[in-house]
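Novice: Give me a model of this one.
(one chain, ligands or ions: 1)
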Amino acid sequence: MTNKPADIVTPLRARKPCPECGKPSARESYPFCSPRCKAVDLNRWLSGSYAIPVRDDEEEDSTSSSEAGERS
Ligand SMILES: [Zn+2]
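Specialist: Below you'll find the model as predicted:
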């Protein structure tokens, strides 16, 4: 069990597998393998499948307004 870092030469641009299908990424659609996978990923973003921080302004607003009402 010896580490041989010299054997593993990392290329300047490491080839990442396509996040969508795992195929080797293509240059024109990096880091995806094809424009199609790129579109699929973008579509996922737009449809909200990714965890996107959402502001809780509305909830806070309703809480503070009820508090203000009690005070008066
Ligand atoms: Zn792909």
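Novice: buried set for whichever strand or helix holds residue 46?
Specialist: If you go by DSSP states H and E, residue 46 is part of helix 35-47. Within helix 35-47, the residues that count as buried by 16 or more other CB atoms under 10 Å are 37, 38, 41. Bear in mind the C-beta positions are built from the backbone N, C-alpha and C, glycine included.
Novice: between the residues you listed, which is nearest residue 30?
Specialist: Distance to residue 30, by CB to CB, is smallest for residue 38 among those, at 8.9 Å.
Novice: for the closest residue to the closest one other than its chain neighbours, what are its contacts?
Specialist: Once flanking residues are discounted, residue 38 sits nearest to residue 32: 4.3 Å by CB to CB, 6 or more residues apart in numbering. Contacts for residue 32 (CB atoms under 8 Å, 6 or more residues apart in numbering) come out as 18, 19, 20, 25, 26, 38, 41.
Novice: Mind checking which of those land in helices?
Specialist: Judged by DSSP state H, helices contain the following of these: 38, 41.
Novice: Weed out the non-buried ones from the contacts of residue 32.
Specialist: In the contacts of residue 32, the ones that pass as buried (16+ other CB under 10 Å) are 18, 20, 25, 38, 41.
Novice: Would you mind listing what in the chain touches the ion?
Specialist: Proximity of the chain to the ion is confined to 18, 20, 21, 23, 33, 37 under the rule CB under 5 Å from the ion.
Novice: what about the fifth one, how many residues close to it?
Specialist: To tie it back to what came earlier, the one meant is residue 33. By other CB atoms under 10 Å, 20 other residues sit near residue 33.
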